[in-house]
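In: Have a look; sequence and predicted model below, questions after that.
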Amino acid sequence: MKRYRGQLVLAAMIAGFTAFTLWDRHRATTGDIDSRRRNVWRAFHRERVDRIEVTHASGRYELVRRAQAWSVRVGTVVRPADAVEVERVLSEIEGAEASRTLGTLDGDARRRFGLEHAHTTVVVHEGPEVSARFALGGAVEREDKVYVEAGAQEGGRDAARVGVVLARSFGELFDRMATAYRDRAVADVDPGRLDRISVTHEARRIELTRAGGVWRLTEPALGRASRGAVEAMTSQLRELRAERVVADDADATALRRYGLEPPLTRVEMRRGAIEPVVLRLGDPCPGHDGEVAATREGTGTVVCFPRSFVDALRVPPEGLRDDHVLAARTDEVSRVRISGGAPGGAELVLDRSGVNWAATPRGVTIDPEALESWLTTLHDLSTEQRVAPDTRAAHGLGADARTIIVERDGVDGHERIVVGAADATGVYASRDDEPVVLRFPPSAAEVLVVDALRFRPRALLHDTVDDLRALLVDVGSMHEEIVRSEGGFRLSRPLAQRADPALVTDLGRQLAALEVERWVRTTALPEHGLAAPRARVVARFEGAGVQGDGGVDAAVAPVRTYALSLGASAPGGGSYAALDGGPGVFVLPRGFVDLITQSHLDRSVALVARDELTRLSLRFSSPARVVTLVRDGERWRTEAGAPADESRVDGLLGTLSAMGAVRAFAYGPPGPEMGFAVPTVVIEASYGGDAGARRERVVVGARYGSGEDAGYYLRRDGIDATLAWPEPVIDAVRGFTP
């Protein structure tokens, strides 16, 4: 013994130190208690808690921590706990502060406060120590509070108990069954790896299968499934969690109470030969109308899912059917192959590399924006019109039909669109040789039947408006000739008058830098309306110009003439158009078409100038009256000599002098519908000054249009054209009194 005395003493010291460390770890220091003087449980340390005993009206259970993981133990059955719920419990105990303290309670007080037979008691353990003990009583009358009998406030197993009043939320958090603390994770399914989903809802069955990254409805056989609808159905499957757990170890009788035996809906999700995940969905959850009872087969656990998740699984087959011709989104596409799309009828192959695209065969110029715009349009193309599958051959969907093949990044397989014939009712297509035949409106032909022209750069002309010298504009019966002079642009036909400088400059600028909205095809079809165009513009440019970069005018000539024809209206707005000598048919935007097809007469010709104005007469037809103003030095008087209200006159003259015509309708005599036989008002203005006396007259006809588009027809003496003023101007004139 003497030989080992030193070692024994050292071992005893180590054991003593270890025991002291363990004891000290589980006891609250004086500093801890002082810092928590307002807390009910001042010796509580949440990080040390390893067991919570709960005796509830529904039974006894424990929350137990092992290796940082929490479990719920009911009898001998242990299940994972929801760590978030346990942390809520620990936080509530740690931060509990009494609204008031009632001291030690006698038997009568305990009965009055509902604590004699408490419905819930809780004991919190930190290893061998008890750091919190309490019982929940009744609600405090007229307060959102609850009575609690608290023990172990400063640690220890047998500390004295006192009555306290805590917030009602404290009591509600602990007055729960064991299932309230159960882990709510139901499944963890990667939607991207599923290859089969079957849904049986009441007597209806739906089966979806995936191949090549595309989902299809195989039962019923409706062809490709909507990608968005399938994503809505499967998006929540990854880390699928319930709103709450309502029962464990449910037998057939218990499942029947929740509508789960048999289920209203059964969903089976498979990935290859791996055991499927099967969900049963039943009735609304008791007390939670926005949730539906559910169970994962084989678990015996009943949970509640949000109704939105369940509704997505119960969608009818028609809601899953995809009527789009293409599922791939534009940013996913890595390659496109178009049969007959290259010059000479060869296959056109388009490959993405980052933000750029390359074409095969070489020499085909690709505008990435135009290509991606087409892909987006193709993706959005949808129809609800389906025809019988056995009519494929009759609609040109045979082996020699045109095809569009689209490949996606990171997805095996591809999407193949077969483009058939077009007739008076539409154009036909099918997808991936599935039996479904889709009929699209005739206008869809320009999206489905494409070639390399569709993807060429949209910039067509590269000139400068500074070199514009003349314009010829033919729109129906309107024929305008506009020439540039030192004073600006002037009309020489159909009348000699100033042209509107803003309109003509804008038209010239857009012609000089002509950019198409989209290319359509190399040769025009009858439906493009270019055989007998509705409008035609010829523009002459003279000067050095700008160096072209691939447009029609790549080689700059000293005199350049461009002739543009407008055809029929295109789907989605704008018009089909073609440039003489250009590469094909394209679409011009609506704004540019409107700029071409309107009159280019100067809109300021309708102005009533206030400078040098000496007399203004307003003759109204209904009711008939005449208002005449005469300038008297710096003031205005009525024709009878009475002084006029200066502010009213100033307002009237400001309106008339500032407002030009909002549009010009037509040249030549007016139509009877314009109401000039009985005019709304006739405005006569007399002027003096160095140029001598002159007189001008504006006649206002009938009202047209409605709302913000309403106005009045008007004509001005000496100008054989009908223009328009907006309704507020005429309202101001009609409401004027001197």
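Out: Ah, there it is.

In: switch to C-alpha atoms for all contacts and neighbour counts from now on
Out: OK.

In: domain ranges for the chain?
Out: Domains of the chain are assigned by automatic domain parsing as 30-181, 185-320, 332-454, 465-597, 603-734.

In: which other residues reach stretch 119-134?
Out: The contact list for stretch 119-134 (Cα atoms under 8 Å, 6 or more residues apart in numbering) reads 26-27, 41, 43-45, 48-57, 135-137, 148-157, 174-175.

In: Quick check: ChimeraX command selecting the buried ones in those residues.
Out: The buried residues among these can be selected in ChimeraX (16 or more other Cα atoms under 10 Å) with this line:
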select :26,27,41,43,44,45,49,50,51,52,53,54,55,56,135,136,137,148,149,150,151,152,153,154,155,156,157,174,175
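
In: Now do the same for the residue nearest the centre of the chain: helix, strand or coil?
Out: Closest to where the C-alpha atoms of the chain average out (Cα atoms, centre = their mean) is residue 228, at 13.6 Å. Assigned by DSSP: H, G, I helix; E, B strand; the rest coil, the conformation of residue 228 is helix.

In: Against residue 319, how distant is it?
Out: Computed as Cα to Cα, to the nearest Å, the residue 228 to residue 319 distance reads 10 Å.

In: quick one: which of the domains of the chain is nearest residue 326?
Out: Distance to residue 326, taken as Cα to Cα, is lowest for domain 332-454 among the domains of the chain, at 4.8 Å.

In: For stretch 267-277, which residues meet the burial criterion?
Out: 267, 268, 269, 270, 271, 276, 277.

In: Assumed the first one was part of a strand.
Out: Going back to what we said before, that points to residue 267. Yes: Residue 267 sits within a strand when classified using three-state DSSP.

In: neighbours around the closest residue to it other than its chain neighbours, how many?
Out: In space, residue 267 comes closest to residue 199 once its chain neighbours are excluded; the distance is 4.6 Å by Cα to Cα, 6 or more residues apart in numbering. Number of residues near residue 199 (other Cα atoms under 10 Å) recorded here: 23.

In: The one 3 residues further on now?
Out: As a burial measure, the neighbour count of residue 202 was computed by other Cα under 10 Å and equals 12.

In: give me every residue that touches it.
Out: 263, 264, 265.

In: Dig out what the first one forms beta bridges with.
Out: Right, the one you point to is residue 263. residue 260 (DSSP bridges).

In: start at 39 instead
Out: Got it, the first residue is 39 from now on, which makes the last one we talked about residue 301.

In: Could you check how far it is from residue 449?
Out: Here residue 301 is placed at a distance of 35 Å from residue 449 (Cα to Cα).

In: And these two? Which one has more around it.
Out: residue 301 (22 against 13).

In: residues touching the more buried one, list them.
Out: Contacts for residue 301 (Cα under 8 Å, 6+ apart) come out as 240, 318, 319, 320.

In: what do you get if the cut-off is 7 Å, keeping everything else the same?
Out: Residues counted as contacts of residue 301 (Cα atoms under 7 Å, 6 or more residues apart in numbering) are 318, 319, 320.

In: correct me, but the first one touches residue 331?
Out: It refers to residue 318. No: counting by Cα atoms under 7 Å, residue 318 does not reach residue 331; the two are 8.4 Å apart.

In: Do you have the strands of the stretch 39-188 of the chain handy? List them.
Out: 89-94, 97-104, 107-112, 115-118, 138-141, 158-164, 167-177, 183-189 (DSSP state E, counting those that start in this stretch).

In: of those strands, which approaches residue 569 most closely?
Out: Closest to residue 569 of the strands of the stretch 39-188 of the chain is strand 115-118 (Cα to Cα; 76.9 Å).

In: What residues sit buried inside the closest one?
Out: Under 16+ other Cα under 10 Å, the buried positions of strand 115-118 are 117, 118.

In: Now do stretch 452-472: everything it contacts.
Out: Stretch 452-472 has contacts (Cα under 7 Å, 6+ apart) with 250, 261, 363, 433-435, 439-446, 474-480, 482-483, 486.

In: repeat for stretch 536-547
Out: For stretch 536-547, contacts defined as Cα under 7 Å, 6+ apart pick out 502, 503, 506, 527, 528, 529, 633, 634, 638, 639, 640, 641.

In: mind redoing it with 8 Å?
Out: With Cα under 8 Å, 6+ apart as the test, stretch 536-547 has contacts from 502-503, 506, 520, 526-529, 630, 633-634, 638-642.

In: Buried ones from the residues you listed, can you make that a PyMOL selection?
Out: Those of the contacts of stretch 536-547 that count as buried under 16+ other Cα under 10 Å are selected in PyMOL with:
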select buried, resi 502+503+506+520+527+528+529+630+634+638+639+640+641+642
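
In: How about residue 129: what's its closest non-neighbour residue?
Out: Per Cα to Cα, 6+ apart, closest to residue 129 is residue 84, 7.6 Å.

In: State the distance from that neighbour to residue 208.
Out: Residue 84 is 16 Å from residue 208, by Cα to Cα.

In: Check residue 565 too.
Out: Distance of residue 565 to residue 208, computed by Cα to Cα: 75 Å.

In: which of those two has more neighbours?
Out: Set residue 565 next to residue 208 and count neighbours by other Cα under 10 Å: residue 208 wins out with 17 against 14.

In: The more buried one contacts residue 129, correct?
Out: No: between residue 208 and residue 129 there is no contact under Cα atoms under 8 Å: 10.4 Å.

In: where do the strands sit along the stretch 489-638 of the chain?
Out: Using DSSP E, counting those that start in this stretch, the strands assigned to the stretch 489-638 of the chain run over residues 506-513, 516-523, 526-531, 535-536, 556-559, 573-580, 597-607, 613-617, 623-626.
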